[in-house]
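**Q** Pasted the sequence and its predicted model underneath.
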Amino acid sequence: KGASKNMYPRILNTYVDYSNKNGKYYLYTNAYSVVLSNDCRTDFKENLNLKESIIRLFEGFVDKTDVKDIITYDYDYLKNYSFKDGKNLLFRVNNDYFINITLLNKIKGMIGCNKVNFIVKNNSHHPIIEVVGRDMQVGYLLPMKFY
């Protein structure tokens, strides 16, 4: 519920080029996640105005220098032990956070998913959900806070 109310419309269904000497890559965001892919999708629009912001956000997620804890879940485990909440399927990680399986499935549709890492960093006020996809593709999703 909170994710749809707080979406930043300027980054909804947008991408930026993240290519380097090793290959062609794209960063996609739909306002609740950031996904690194080697495929260029035609249903997202390029957003050059926010390129640096999207890259900085992604690189903050990728940075694992100050990790406090990583809990790894198999995708099937998350799916099998989730529960329905309105239109969303949720998995409760702890007393504070949920993983929205409905949103996770959208990332899975783009890059695949075998495992999901729930990452708690020392220098961050919220954990990160890392979706490990095929061919070195990765997606990041912010968890839902339980109130």
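**A** Sure, I can see it.
**Q** and the closest residue to Lys24 other than its chain neighbours, how many neighbours?
**A** Closest residue to Lys24 apart from its sequence neighbours, by C-beta to C-beta, 6 or more residues apart in numbering: Asn38 at 6.3 Å. C-beta: built from backbone N, CA, C; applies to glycine. Residues lying near Asn38 (other C-beta atoms under 10 Å) number 15.
**Q** Repeat that for Lys121.
**A** Counted with other C-beta under 10 Å, Lys121 comes out at 19.
**Q** how much space is there between it and Asp69?
**A** Distance, Lys121 to Asp69, by C-beta to C-beta, to the nearest Å: 9 Å.
**Q** cool, Asp43 as well?
**A** Asp43 is 36 Å from Asp69, by C-beta to C-beta.
**Q** now do Phe98
**A** 17 Å.
**Q** Please say which of the two ends up with more neighbours.
**A** Phe98 (18 against 10).
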